[in-house]
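**Q** Provide a 3D model corresponding to the input given below.
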Amino acid sequence: MSNLLLLHLLLFCIIYHSGTSTIPVKGRKGGNAILICEYKASEISDIRFIRHRKRIHFAVIPVCPSEEHKRARARVCKKEACDIVIKDLIFSDAGKYIFRFDYKNALTELEYQLYIYDEISVKISEKLKLDVLLSNADTVQHHSGTSTKWKDVWKRGHGVQNDQLNDRDGNLIINNFTASDAGTYRVLGSEGELLITVTVEETPESPGSRNGSKSDAIINNHWIGPARQPVCFWMVLWWLCLF
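**A** Numbering: from 1, shown residues only. Sure, this is the predicted structure:
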């Protein structure tokens, strides 16, 4: 193998491994997510925190000086040297983030993929609103406890794929929740990336909620009839009858 070919292969490996890898980050709705950078603050300058959106190419997100900065009410804050904290997560926060800065006079870029999860409980026949922001979604899938596969319930350009669902104001609505609607719903982006997962459970009914009250009740499969009289009462009555 010639030296020129070896040089080309070496250059290819360097270019291939120099690409930016995506760091997965997850957080629960209403909680906080931390995008960790692990660089020394003294060697960082010209910090730019960028939110990547589908229709708006880049939108710069303001970063407050510190998470403990009392006057800063922004939900996005810098912690420690260069970690970024996103507080009070909402579903629209899911997506790609880019943290770009100069490190030792060289441009450095970190890319994060934030996905948000939540868990809710719904009663049978109630309305369920999946506030999953379809404007940023490509596909919504459902996985029930009785199935081994994910099933498409909504696709961009095709709408809902399930008779139970309605697409209303960019959200999915189930007007009459049934046990078969329970399970996990996940939202995927245009590149198949995971954005949101929502686990839906059926709210268990309280004891006696299905049956009305009865004068003679059945509790724990034992019949409770009219109250029994004490044994001594029958013995006295029998003795009086003899005399």
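
**Q** out of the helices and strands in this protein, which is least certain?
**A** Across the helices and strands of the chain, mean confidence by mean pLDDT, DSSP states H and E is lowest for strand 218-219: a mean of 26.

**Q** got the buried residues for the longest strand anywhere in the chain?
**A** Longest strand in the chain, counting residues (DSSP state E): strand 106-122. Of all the residues in strand 106-122, those buried under the rule 16 or more other C-beta atoms under 10 Å are Leu110, Glu111, Tyr112, Gln113, Leu114, Tyr115, Ile116, Tyr117, Asp118, Val122. All C-beta spots, glycine's among them, are computed from the backbone N, C-alpha and C.

**Q** any idea which helix or strand comes after that strand?
**A** Where DSSP states H and E defines the elements, the next helix or strand beyond strand 106-122 is strand 128-130.

**Q** could you say what helices and strands that next one packs with?
**A** strand 171-174 (3 or more C-beta pairs under 8 Å, 6 or more residues apart in numbering; DSSP states H and E).

**Q** state the mean pLDDT of the strand it packs on.
**A** Taken as a whole, strand 171-174 has a mean pLDDT of 90.

**Q** for the helix or strand following it, give me every contacting residue.
**A** Beyond strand 171-174 on the C-terminal side, the first helix or strand identified by DSSP H and E is strand 183-188. Contacts of strand 183-188 with the rest of the structure, by C-beta atoms under 8 Å, 6 or more residues apart in numbering, involve 94, 130, 132-133, 136-145, 147, 150, 153, 172, 194-200.

**Q** could you count how many residues lie near the residue nearest to Asp46 when sequence neighbours are not counted?
**A** Spatially, and ignoring its direct neighbours in sequence, Asp46 is nearest to Asp102 (4.6 Å; C-beta to C-beta, 6 or more residues apart in numbering). For Asp102, the neighbour count with other C-beta atoms under 10 Å is 14.

**Q** and what of Lys127?
**A** With other C-beta under 10 Å as criterion, Lys127 counts 11.

**Q** and for Glu205?
**A** Neighbour number of Glu205 under other C-beta under 10 Å is 10.

**Q** relative to Lys129, how far out is it?
**A** The gap separating Glu205 from Lys129 is 22 Å, by C-beta to C-beta, to the nearest Å.

**Q** quick one on the thing from earlier: extract the CA atoms of the longest strand of the chain and return them as CSV.
**A** Taking C-alpha atoms only, strand 106-122 is exported to CSV below (Å, rounded to 0.1, in the frame of the first residue of the first chain):
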residue,chain,number,x,y,z
ALA,A,106,-10.5,27.2,19.1
LEU,A,107,-14.2,27.0,18.2
THR,A,108,-15.9,24.2,20.1
GLU,A,109,-19.4,22.9,19.7
LEU,A,110,-21.5,20.5,21.8
GLU,A,111,-24.8,19.2,20.5
TYR,A,112,-27.6,17.9,22.8
GLN,A,113,-30.9,16.1,22.1
LEU,A,114,-33.4,16.8,24.9
TYR,A,115,-36.4,14.5,25.3
ILE,A,116,-39.1,15.0,27.9
TYR,A,117,-41.2,12.4,29.6
ASP,A,118,-44.4,12.5,31.7
GLU,A,119,-46.8,10.1,33.5
ILE,A,120,-50.5,10.7,33.8
SER,A,121,-53.5,8.7,35.2
VAL,A,122,-56.9,8.9,33.6
